[in-house]
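*Asks:* Coordinates for the following, if possible.
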Amino acid sequence: MKVAIVILNWNGASLLEKLLPNIIEHSKEADVYVIDNGSKDESVDLLSSKFKTVQLIRLDKNYGFTGGYNLGLKEIEADLYCLLNSDVEVTSNWLNPIITLFEENNKVAIAQPKILDYYNRSFFEYAGAAGGFIDRLAYPFCRGRIFQQLEEDLGQYDDTSEIFWATGACMFISSKVFWELDGFDKDYFAHQEEIDLCWRVKRHDYKVMYCSQSKVYHMGGSTLSNMNPKKTFLNFRNSLFNILKNSPNLQWPILIFIRLLLDGIAGVRFILERKPMHCIAVIRAHFSFYAHFLRIKSKRKGPYPKLQFKTNTIVLEFFLKKHKTFLSLRE
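*Replies:* Next up is the predicted model:
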């Protein structure tokens, strides 16, 4: 199986200089690529001078996470892509367990490793943790992370199991399936695009998997921090896109109505927390959703099988029932 590790870079020269040696050292089984998203810093010069074994694909401008990968991956021949953030540190033997997972089951289309915090290394990291899920209202959460609550890694998720979505911070995906489903949706630009892709993968009867035998450490927030209103805007808008595109015919209008109401409550909460720019971001997200409504709706393509959800509403479980860990949701 031919594997390509593909790093999407935008003005990340310092991260490349720090972490590329680690990736090269522990990835002998794969070819390493960097797709440069029109960087204005010294990224390209650095790659050309210090990392001659890394294959560089240069784009003329910043196409975002979705457009950058869609364009760059067209130039890469591989059976398996590993889409890897530039702020990820890998570990020895991180590739082999994932490769074996794909080789042993042709229904596996996407997989992710265990994602731990680069700075607090015994804890899971926000983006992906031990695998992602959504509730009935399409709110995302993870084994090891619900909202901002992070769990310590005590071996509670040391398994190989099916999940709903894998993080874009370190996502392995079959190239065949990626192009079969037309890759990422460029209208998302960034954030929640991996949930959309995983949702489409599952709708087409493929599996999304988590493999704890593979482990990486993620810095997180290197492009947009959780405190950035632009990230709030993209997360709120793109979550609505996910519902519109992927929920069954009789469900999406109801789900969108409920989410719009709950988003309004979230906006009020931002005001009470003295975060007015985040409230404005929620309002902007709604108007952007309305502006894109017909285009996103035109992308609805079956099948739409019935889904199994971990919980009805993670908001209720977390804030009212005080379930702060994934395992406590079973109680």
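*Asks:* Residue 217: neighbour count?
*Replies:* Residue 217: 21 surrounding residues under other C-beta atoms under 10 Å. For the C-beta atoms, the positions are set from N, CA and C on the backbone; glycine is no exception.
*Asks:* So which elements touch the helix or strand where it lies?
*Replies:* Of the helices and strands defined by DSSP states H and E, residue 217 is found in strand 207-218. Counting contacts by 3 or more C-beta pairs under 8 Å, 6 or more residues apart in numbering; DSSP states H and E, strand 207-218 is packed against strand 88-90, helix 96-104, strand 108-117, strand 160-162, helix 193-203.
*Asks:* Strand partners (parallel or antiparallel) of that strand?
*Replies:* Sheet pairing for strand 207-218, assigned by DSSP bridges, gives strand 88-90 (antiparallel), strand 108-117 (parallel), strand 160-162 (antiparallel).
*Asks:* which one of these has the most crowded surroundings?
*Replies:* Among the strands paired with strand 207-218, ranked by average contacts under mean count of other C-beta atoms under 10 Å, first place goes to strand 108-117 (a mean of 26).
*Asks:* Just after the host helix or strand of residue 141, pick out the following helix or strand.
*Replies:* Residue 141 is located in strand 140-142, with elements delineated by DSSP H and E. As assigned by DSSP H and E, the chain's next helix or strand after strand 140-142 is strand 145-146.
*Asks:* List the contacts of that next one.
*Replies:* Judged by C-beta atoms under 8 Å, 6 or more residues apart in numbering, the contacts made with strand 145-146 from elsewhere in the structure are 124, 125, 126, 129, 151, 314, 318, 323, 324, 325, 326.
*Asks:* now those in JSON lines, with pLDDT and distance to residue 206?
*Replies:* As requested, the contacts of strand 145-146 are arranged in JSON lines below (pLDDT from 0 to 100; distance: C-beta to C-beta, whole Å):
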{"residue": "124", "pLDDT": "98", "distance to residue 206": "25"}
{"residue": "125", "pLDDT": "97", "distance to residue 206": "25"}
{"residue": "126", "pLDDT": "94", "distance to residue 206": "26"}
{"residue": "129", "pLDDT": "98", "distance to residue 206": "22"}
{"residue": "151", "pLDDT": "98", "distance to residue 206": "28"}
{"residue": "314", "pLDDT": "93", "distance to residue 206": "24"}
{"residue": "318", "pLDDT": "92", "distance to residue 206": "29"}
{"residue": "323", "pLDDT": "92", "distance to residue 206": "30"}
{"residue": "324", "pLDDT": "94", "distance to residue 206": "32"}
{"residue": "325", "pLDDT": "95", "distance to residue 206": "28"}
{"residue": "326", "pLDDT": "95", "distance to residue 206": "23"}
